[in-house]
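Student: Sequence plus the predicted model coming up.
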Amino acid sequence: MLNEDKSIEMIIESLKDLIDEDTEDEKKVTLLNASSDTRLFGGDGVLDSMDVVILLSDLEERLDEEYDIAISLASDSIMSKARSPFRTVKSLSKYVIDAVSN
Amino acid sequence: MLILVTGSSKGIGRDLCEEFLSRGHIVVGCSRGQSDLLHDNYEHFSCDVSDESSVIRMVRKIGKTHGGIDVLINNAGVASMNHILSTPISSVKKLLDTNIIGTTLFSREVAKLMMRKKIQGKIINFTTVASALSLEGEAIYASSKAAVQKFTQVAAKEFAPFGITVNCIGPNPIKTDLIKAVPSEKIEKLLDSQAIKRLGKTKDVINVVDFFINQSSNFITAQTIYLGGVHD
Ligand SMILES: NC(=O)c1ccc[n+]([C@@H]2O[C@H](COP(=O)([O-])OP(=O)(O)OC[C@H]3O[C@@H](n4cnc5c(N)ncnc54)[C@H](OP(=O)(O)O)[C@@H]3O)[C@@H](O)[C@H]2O)c1
């Protein structure tokens, strides 16, 4: 069963996977040390819109592989800087749990 | 290569599958019904291209079994001929579901897989000369395919950062079940408006597909190629 702790853990793992050779040092440190309060998208968030779609796709794959849940996490509000569920790790975790339970 | 062809049980899709199988590729296909194509390198899914959860399950299963998809051919399509004044909205919705929702869903799911697996994939969509020629009696079909062309152009931009190209092919009439209800005078009139006045053949489609999926075509994206010398 996917609970809040496990979904936060999964998101934190996914964030580390966003790092590649082009990732700037400051962003790399934030991604490596992410916690439930880390700001992700919008405002002073660490992710740009390209990171958001890659993260979304990675989370879908993890849900499928680790929990055998084949769902889409697509939503109209994802790219909204003010309302995106990708604002923080915590809000994203809530969004993932809601999507899974629906 | 692993090639995914939607709408593979008959017509152009079926011919594409047989051609790619004969070249030694692995081919996965789908249609709402079954397929009688039996080949060691062919797998068929009964999947309606407009059914989101079926499409997600199908693409995930291919990812798990084969690791990735190199080429997606969004061939599944339906047509309808009617005057706008006598077209039921239920038919409009059904047609848009297959032609535009289906293309969108498969492109979305397969592009994610290509992106994750770092595959410089190729996506090929299907339009029609009926769109370029604004044919009477084909308002909904032609509009749905015009939408596919615009989708192709935007997808080409959004997927370019991942090395994925997205192009479109616009066949002229090719003898399949899709056009069997179209009166022959109408087909003749259409052929007459082409630069080269003959029916198309699947091999004409294959030729364009080959061009789009060739690794040397990595700089070709957002394009539509019509058969027979038709243009927008
Ligand atoms: N033939 C032409 O003259 C012509 C001209 C221009 C463009 N095109 C385009 O070329 C493509 C192929 O056409 P075609 O002539 O080969 O048509 P076709 O002979 O009627 O075959 C269509 C294929 O698509 C499948 N299909 C239809 N709706 C589907 C759905 N909702 N989900 C999954 N599969 C579906 C059908 O199988 P099921 O019914 O079992 O689902 C069948 O395998 C289409 O996109 C068409 O618009 C054709």
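Tutor: On my side now, so go ahead.

Student: per-residue pLDDT, the residue lying closest to residue A:81 once chain neighbours are set aside?
Tutor: Of all residues not flanking residue A:81 in the chain, residue A:42 sits nearest, at 3.6 Å (CB to CB, 6 or more residues apart in numbering or on different chains). Heads up, the C-betas are built off the backbone N, CA and C, glycines and all. According to the prediction, residue A:42 has pLDDT 93.

Student: residues touching residue A:42, list them.
Tutor: The neighbours of residue A:42, taking CB atoms under 8 Å, 6 or more residues apart in numbering or on different chains as the test, are A:80-82, A:84, A:86-87.

Student: Any idea how many residues pack against the nearest residue to residue A:56 once chain neighbours are set aside?
Tutor: Using CB to CB, 6+ apart and skipping the chain neighbours, the partner closest in space to residue A:56 is residue A:73 (5.1 Å). Residues near residue A:73, counting by other CB atoms under 10 Å in any protein chain shown, number 18.

Student: And the helices in chain A?
Tutor: A:4-17, A:25-32, A:49-67, A:89-101 (DSSP state H).

Student: Switch these over to JSON lines; also include mean pLDDT and mean neighbour count.
Tutor: JSON lines is the format used below for the helices of chain A (pLDDT from 0 to 100; neighbours: other CB atoms under 10 Å in any protein chain shown):
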{"stretch": "helix A:4-17", "mean pLDDT": "97", "mean neighbour count": "17"}
{"stretch": "helix A:25-32", "mean pLDDT": "97", "mean neighbour count": "14"}
{"stretch": "helix A:49-67", "mean pLDDT": "96", "mean neighbour count": "18"}
{"stretch": "helix A:89-101", "mean pLDDT": "97", "mean neighbour count": "18"}
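
Student: Let me know which of those helices is the nearest to residue B:10.
Tutor: Closest approach to residue B:10 among the helices of chain A is made by helix A:49-67 (31.4 Å; CB to CB).

Student: Off-centre distance for the closest one?
Tutor: Its chain's C-alpha centre and that of helix A:49-67 lie 7 Å apart, by CA atoms, centre = their mean, to the nearest Å.

Student: got a list of contacts for that helix?
Tutor: A:2, A:10-11, A:13-15, A:17-18, A:40-41, A:47, A:69-74, A:78-79, A:84, A:86, A:96, A:100, B:60, B:112, B:115-116, B:161.

Student: same question, stretch B:150-161
Tutor: By CB under 8 Å, 6+ apart, the residues outside stretch B:150-161 that reach it are A:50, B:100, B:103-104, B:107, B:111, B:115, B:123, B:125, B:127, B:165-168, B:221-222, B:224.
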